[in-house]
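Visitor: have a look; sequence and predicted model below, questions after that.
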Amino acid sequence: MNRVRGQDGFTLPELLTAMTIFLFILGATLTTFDSFVARTATNTKLNDAADQARTSMDRIARQLRNLASPTTANVKSIELAGAYDLVFQTVDPAKRRVRYCLNSSDPAKSTLWAQTQAFPLSGADPGLPSTSSCPGPITTGGWKDQRVAAANVVNRYNGAERNVFYYSGLLADGDTAKITVIRSELFLDTAPAKAPAEISIATGAYLRNQNQKPVVPDTSVVNSPLGSRRFILNGSAAYDPEGRTLDYFWYKGSGSDPASLPSCADSATQTGGGYTCIGRGLTTEYTFPATDSSPQPITLKVVDPGGLSATFTKAGL
């Protein structure tokens, strides 16, 4: 008769050992999984922040490419060109004033704000609203709305001073009408000092509508051999930065303000503000009457197709 096989199980120490090993393995697995979930959530937040910033950067570039052309009344479509604050006029999608500014009250989580100001149908400029704070206050006739253009910006985190906006053509005189290119760069990090590392998004726009004032470095005025009071006036030294054709207007007189120069119409010689129109064109000849005092200043005014102008006065003829 065969002996019945033993049915003995695990002993208690063996069971406790197995359970302990299982708990260690389960704990390590859960820790790894929890770290994976946290890292995935951080990456998702960073990707969302990057998508938002990329969309805003594309919008900034489009608006700058459709910069409102300067006019005689308003020669500067870019009204504020700072490292962290930019205000300009655009015609995308309609004539309006746009502001992008960085609020760095918390450098670890700075916010790039976008604000707009609508122009009336008449096109009259309602005036630049307050830029003393970022974002500026919403008021009637002032900033109409505001929105977050980019969050989790760290351009100024931990003492860093990395510009949001860079300008080509902006000289020491601060004349924003000379800007030809604007580049923007944002550094983003949803968890500074922790992995993953910060990312950067950059874009740039050539200001195709940025009409610059003509330049008049000097005016050539020479005595004609036909008479001691007859002069040849030559404005060929003047030029337009965009290479467009200029109109030339010549005046005599010692007025104090070139802004008061008369229109110099073809139909008649015009006077005003202490000036008298004596001719038009790149070159012209003029004979001073004997009644004119000497020396007699000559002023050249050049106007580009966009209506921007520049003047130069040559004294002592």
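Guide: It's in.
Visitor: pairing partners for the helix or strand of the chain with the lowest mean pLDDT, with directions?
Guide: In the chain, the helix or strand scored least confidently by mean pLDDT, DSSP states H and E is strand 220-223, which has a mean of 69. Partners of strand 220-223 in the sheet, by DSSP bridges, are strand 230-234 (antiparallel).
Visitor: burial count for residue 85?
Guide: 16 (other C-beta atoms under 10 Å). In this view, the C-beta of every residue, glycine as well, is placed from N, C-alpha and C.
Visitor: gap between the least confident helix or strand of the chain and the chain center?
Guide: 42 Å (C-alpha atoms, centre = their mean, to the nearest Å).
Visitor: cool, and stretch 163-183?
Guide: Worked out by C-alpha atoms, centre = their mean, stretch 163-183 lies 7 Å from the chain centre.
Visitor: do the same with stretch 95-104
Guide: The answer for stretch 95-104 is 10 Å, by C-alpha atoms, centre = their mean.
Visitor: how about it: buried residues?
Guide: 96, 97, 98, 99, 100, 101, 102, 103, 104 (16 or more other C-beta atoms under 10 Å).
Visitor: between these, which is nearest residue 54?
Guide: Nearest to residue 54 among the buried residues of stretch 95-104 is residue 100, at 14.6 Å by C-beta to C-beta.
Visitor: touching, that closest one and residue 59? I think so.
Guide: No. Under the criterion of C-beta atoms under 8 Å, residue 100 is not in contact with residue 59, lying 9.5 Å apart.
Visitor: next, the contact list for the residue lying closest to residue 85 once chain neighbours are set aside, please.
Guide: Excluding its sequence neighbours, the residue lying closest to residue 85 (C-beta to C-beta, 6 or more residues apart in numbering) is residue 101, at 4.4 Å. Going by C-beta atoms under 8 Å, 6 or more residues apart in numbering, residue 101 touches 84, 85, 86, 112, 113, 115, 131, 134, 135.
Visitor: look at residue 101 and give its secondary structure.
Guide: strand (DSSP: H, G, I helix; E, B strand; the rest coil).
Visitor: before we move on, back to that, quickly list what's touching both of residue 100 and residue 59.
Guide: 114, 149.
Visitor: now do the contacts for residue 240.
Guide: Contact analysis of residue 240 by C-beta under 8 Å, 6+ apart lists 212, 214, 215, 246, 302, 304.
Visitor: now do the strand or helix carrying residue 184: everything it contacts.
Guide: Assigning secondary structure by DSSP states H and E places residue 184 in strand 181-188. Contact with strand 181-188 is made by 46, 49-50, 53, 57, 60-61, 64, 81, 86, 112, 150, 152-155, 157, 162-169, 198-207, as judged by C-beta under 8 Å, 6+ apart.
Visitor: show me the helices in the stretch 101-250 of the chain, by range?
Guide: In the stretch 101-250 of the chain, no helices are defined using DSSP state H, counting those that start in this stretch.
Visitor: ok, which stretches of it are strands?
Guide: 110-118, 145-153, 165-168, 181-188, 199-206, 220-223, 230-234, 247-252 (DSSP state E, counting those that start in this stretch).
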